[in-house]
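Engineer: sequence plus predicted model, see below.
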Amino acid sequence: MYCNNWCPTCKKARAWLEARNLPYREVNIPNTPGAADQVRLWANGNVVSPSFDIDGTILVDFNEQKLAEALKQANLLK
């Protein structure tokens, strides 16, 4: 999950993942070299947080339904 510490939507995404006991790696966009550039590639030039890379499936912003679908396709959520 590419995120920012100040982002309220990132906080919701963290809570959603943790409530389901799903492990995730957090990439702090401002503190990780290249992270902002990567997110801009995914989000048409914008830095949108959170953004997710789930086994190559890219999700920009937090949408519970789309995140659940991507996690199910990656066999990470039942």
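Structural biologist: Cool, got the structure.

Engineer: name the residues of stretch 33-40 that are buried.
Structural biologist: 35, 38, 39 (16 or more other C-beta atoms under 10 Å). All C-beta atoms are positioned from the backbone trio N, CA, C, and that covers glycine.

Engineer: separation between the second one and residue 6?
Structural biologist: Spatial separation of residue 38 from residue 6 under the definition C-beta to C-beta, to the nearest Å is 19 Å.

Engineer: could you do the first one as well?
Structural biologist: When C-beta to C-beta is applied, the distance between residue 35 and residue 6 equals 15 Å.

Engineer: C-alpha coordinates for stretch 23-30, CSV please?
Structural biologist: What follows is stretch 23-30, C-alpha atoms only, in CSV (Å, rounded to 0.1, in the frame of the first residue of the first chain):
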residue,chain,number,x,y,z
PRO,A,23,-0.6,-8.6,5.9
TYR,A,24,0.6,-5.7,3.8
ARG,A,25,3.7,-3.7,3.1
GLU,A,26,3.4,0.0,3.5
VAL,A,27,5.3,2.3,1.2
ASN,A,28,5.5,5.8,2.6
ILE,A,29,5.3,8.0,-0.5
PRO,A,30,7.1,11.1,0.7
